[in-house]
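Q: sequence first, then the predicted structure:
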Amino acid sequence: MLKIDHLKKNYNSFSLDCSLEVLPGCVTGLIGQNGAGKSTTFKAILGLISNDGGSVTLLGKDLGAINTKDKEKLGVVLSNSGFSGHLTIKDTIPILSHLFHHFDKDFFLEQAKKFGLPLSKEIKEFSTGMKAKLKVLVAISHGAKLLILDEPTAGLDVIARDELLGILRDFMERDENHAILISSHISSDLETLCDDLYMIHEGEIVFHEDTDVLLSDYALLKVTDEQFLSLDKQYVQRYKRESYGYRCLTNQRQYFVENYPKIAIEK
Ligand SMILES: Nc1ncnc2c1ncn2[C@@H]1O[C@H](COP(=O)(O)OP(=O)(O)OP(=O)(O)O)[C@@H](O)[C@H]1O
């Protein structure tokens, strides 16, 4: 569905060099702290900013060969995307029908009702959660095959976030070849949705793993200075000094559960 290979973008004090892949039928998460390069990656994938190197293959085509018809197969949410606040949902329908050949008005209205979005209220009066749901609803209402969603859960409370993730799960269930690339700076937001997770840090992918493996095999060990000295370091991938001693990352959780019953082991 999407493959990027050493996609590069250089700003004065920031350089992106990112490689990742989104397979059909999969939800892939991109996690990174503020300023890590998530939005830059998304904009470069969509051709909204020029790239300084590398390649983007989108829906089986090189980015440069993507045409308007191909773009209709993408459902996109960006942090500053959306309609004018002076419009109502009813007002957006003719716009969406005009923009997308496959805009499904009945589905759109049915889902708006299901998610409690008022049709005749100006969007500027919507809550953050309502605006977020509307953006995702637009992305899934025109027959998109691949959703590219930059921080769609930003600023949402737990209930609104779970509802939004539910919308995305329904989208995946509707077609086995649907796929999603979704970013967040909160990893727990994505662990129940994504099949695999990439972590981006200072413009580079520093980590990629299947979510199942991440949750079952990886762990954080919290150890005192004394425990740290006796720890078998061959299965410690990284460690960090803390006030209580050390925090260590391992991908051999079971080994430490069995051999070090006294240390604190966290997900
Ligand atoms: N147009 C621009 N000109 C110069 N620097 C930019 C530009 N856009 C982004 N940057 C810089 O690129 C870096 C990555 O920004 P980006 O918006 O991609 O991060 P992010 O991971 O999406 O962060 P956030 O979670 O805060 O949205 C930042 O240091 C930012 O200042």
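A: Done, it's in.

Q: does anything pack onto the helix or strand bottoming out on mean pLDDT in the chain? Which helices or strands?
A: Sorted by mean pLDDT, DSSP states H and E, the helices and strands of the chain end with helix 187-190, the least confident at a mean of 82. Helix 187-190 sits against strand 27-31, with contacts defined as 3 or more C-beta pairs under 8 Å, 6 or more residues apart in numbering; DSSP states H and E. To be clear about C-beta, it is placed using only N, CA and C from the backbone, and glycine gets the same treatment.

Q: gap between the strand it packs on and the chain center?
A: The chain centroid and the centroid of strand 27-31 are separated by 4 Å under C-alpha atoms, centre = their mean, to the nearest Å.

Q: can you name the residues of the chain that neighbour the ligand?
A: Contacts of the chain with the ligand, taken as C-beta under 6 Å from any ligand atom, map to Tyr11, Phe14, Gly32, Asn34, Gly35, Ala36, Gly37, Lys38, Ser39, Thr40, His185.

Q: quickly find the element holding the nearest residue to the last one once chain neighbours are set aside.
A: Ranked by C-beta to C-beta, 6 or more residues apart in numbering and with sequence neighbours excluded, the top spatial neighbour of His185 is Gln33, at 5.5 Å. For Gln33, there is no host helix or strand (DSSP states H and E).

Q: Lys240 now?
A: strand 236-242.

Q: how far does that strand sit from its chain's centre?
A: Chain-centre distance of strand 236-242: 26 Å, with C-alpha atoms, centre = their mean.

Q: please apply the same query to stretch 79-97.
A: For stretch 79-97 - counting by C-alpha atoms, centre = their mean - the centre lies 23 Å from the chain centre.

Q: got a list of contacts for it?
A: 39, 103, 105, 108-109, 112, 117-125, 131, 134-135, 138, 141-142, 150-151, 154 (C-beta atoms under 8 Å, 6 or more residues apart in numbering).

Q: please save the CA atoms from it in PDB.
A: In PDB, the C-alpha atoms belonging to stretch 79-97 read as follows (Å, rounded to 0.1, in the frame of the first residue of the first chain):
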ATOM      1  CA  SER A  79      -3.400  18.400  12.100                       C
ATOM      2  CA  ASN A  80      -4.500  21.500  10.400                       C
ATOM      3  CA  SER A  81      -6.900  20.000   7.900                       C
ATOM      4  CA  GLY A  82     -10.700  20.400   8.100                       C
ATOM      5  CA  PHE A  83     -13.600  22.600   7.000                       C
ATOM      6  CA  SER A  84     -14.200  26.300   7.700                       C
ATOM      7  CA  GLY A  85     -15.800  26.600  11.100                       C
ATOM      8  CA  HIS A  86     -18.700  28.500   9.600                       C
ATOM      9  CA  LEU A  87     -20.000  25.500   7.700                       C
ATOM     10  CA  THR A  88     -22.300  22.800   9.100                       C
ATOM     11  CA  ILE A  89     -22.100  19.100   8.300                       C
ATOM     12  CA  LYS A  90     -25.000  19.600   5.900                       C
ATOM     13  CA  ASP A  91     -23.000  22.300   4.100                       C
ATOM     14  CA  THR A  92     -20.100  20.000   3.600                       C
ATOM     15  CA  ILE A  93     -22.100  17.400   1.700                       C
ATOM     16  CA  PRO A  94     -22.200  19.200  -1.700                       C
ATOM     17  CA  ILE A  95     -18.500  20.000  -1.300                       C
ATOM     18  CA  LEU A  96     -17.600  16.400  -0.600                       C
ATOM     19  CA  SER A  97     -19.900  15.100  -3.400                       C
END
